[in-house]
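Engineer: attaching a predicted model along with its sequence, questions to come.
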Amino acid sequence: MALPYLEAVLAILKDISFKCTFFFFTGFMILMYIFETYLNIRQHAALKLPTLPKPLEGVVSQEKFEKSRAYSLDRSRFRFIHEAVTILMDTAILYFGILPWFWKKSGEFVAYAGLNAENEIIHTLSF
């Protein structure tokens, strides 16, 4: 059964280079990081407000609100650092081809252990 649309899409995908694919995915990751960081900055600014919101007056004590606010600010600061390190690591993993290198090394390990390196299940488990 001929699937002309699928065949046309696959032909186009064959022509797309690794470099183009890398820049597309990396660019998308960075755009998502920028957008999420923007939202986190807005949330961080809202957390800095020292006043108890009107709907929470009488429900939550000022002391409990301050503790919660301090904890949320610490979490927010940690999130900024964590997300920056994560985006750098993910970009490095894609750019330097670390996952294919680990896949190759796990195949070598399977062969060294005397197992069948062609068995995808064993290869995947060693990965």
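Structural biologist: On my side now, so go ahead.
Engineer: give me the domain ranges for this protein.
Structural biologist: 16-96, 98-127 (automatic domain parsing).
Engineer: which secondary element of the chain has the worst mean pLDDT?
Structural biologist: None of the helices or strands of the chain scores lower by mean pLDDT, DSSP states H and E than helix 4-15, at a mean of 71.
Engineer: give me the neighbour count for residue 110.
Structural biologist: Neighbours of residue 110 under the rule other C-beta atoms under 10 Å: 20. C-beta here means a position set from N, CA and C on the backbone, and glycine is covered the same way.
Engineer: which residues does the nearest residue to it once chain neighbours are set aside contact?
Structural biologist: Nearest non-adjacent residue to residue 110, counting by C-beta to C-beta, 6 or more residues apart in numbering: residue 117, 4.6 Å away. By C-beta atoms under 8 Å, 6 or more residues apart in numbering, residue 117 lies in contact with 107-108, 110-111, 123.
Engineer: which one of these sits in the busiest neighbourhood?
Structural biologist: That'd be residue 110 among those, by other C-beta under 10 Å, with 20 neighbours.
Engineer: pLDDT score for that residue?
Structural biologist: Predicted confidence (pLDDT) for residue 110: 84.
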